[in-house]
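Q: Need the 3D shape of this:
(one chain, ligands or ions: 2)
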Amino acid sequence: MRIGRLNHIGIATPDIEATRDTYAALYGADAATPVKDFPKLGVKVCFVSIENTELELLQPLGPDSPVNKFLEKNPKGGQHHMCFEVDDIIAARDAMRERGATVLGTGVPYIGAHGVPVIFVHPKDTHGVLVELMAKPEH
Ligand SMILES: C[C@@H](C(=O)O)C(=O)SCCNC(=O)CCNC(=O)[C@H](O)C(C)(C)COP(=O)(O)OP(=O)(O)OC[C@H]1O[C@@H](n2cnc3c(N)ncnc32)[C@H](O)[C@@H]1OP(=O)(O)O
Ligand SMILES: [Co+2]
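A: Numbering: from 1, shown residues only. Ligands and ions are numbered 1, 2, ... in the order given. Take a look at the predicted model:
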């Protein structure tokens, strides 16, 4: 199993509209999607397209959001995860486990904000960086 291209960088924020405006004002990154709620994922999401990847802005949605604790520790927000594409999400999950990494949750891939299955690898296994792997979407 080899990782594919960087699909997006996740950025947690307490105020998604303000963060989108900041990226537009400072970096001209103005190709932003409308903010959309993903109740099953516990986040509000806005994608900001840049030259070779996307920024995925994340604001917690609800008390069980996986982003809540992160924002408690980083109240102004910050870089939360990076996401790489893989050819086969089940093969990627099994390879991660065989290689000794901790796949978060049950390990059953679930549908992420791009409509394709995703898994997450624990930051303790990647030197403090939370990594998301996603099935390669149609480009
Ligand atoms: C929209 C969708 C998509 O793209 O389709 C998404 O991305 S949704 C993106 C949001 N969804 C997710 O993140 C789902 C997967 N995440 C999780 O299951 C969780 O957030 C964990 C990563 C396991 C963290 O668990 P929890 O929130 O309970 O925090 P915790 O404080 O106990 O964290 C355990 C240890 O991991 C560290 N830690 C926590 N979150 C981290 C992060 N984002 N980056 C780097 N390190 C992180 C903590 O500092 C702590 O380190 P020490 O032990 O050294 O103190
Ligand atoms: Co993501």
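Q: any idea how far residue 110 lies from residue 98?
A: 21 Å (Cβ to Cβ, to the nearest Å). Heads up, the C-betas are built off the backbone N, CA and C, glycines and all.
Q: So if I had to pick from these two, which one is more boxed in?
A: residue 110 (12 against 9; other Cβ atoms under 10 Å).
Q: List the residues that contact the more buried one.
A: 40, 117, 118 (Cβ atoms under 8 Å, 6 or more residues apart in numbering).
Q: hey, what's it bridged with?
A: residue 118 (DSSP bridges).
Q: Next one: it relative to residue 71, how far apart?
A: In terms of Cβ to Cβ, residue 110 sits 22 Å off from residue 71.
Q: try residue 99
A: Distance from residue 99 to residue 71, by Cβ to Cβ: 30 Å.
Q: what's the burial count for residue 11?
A: Residues near residue 11, counting by other Cβ under 10 Å: 19.
Q: That one falls within a strand, correct?
A: Yes. Residue 11 sits within a strand when classified using DSSP: H, G, I helix; E, B strand; the rest coil.
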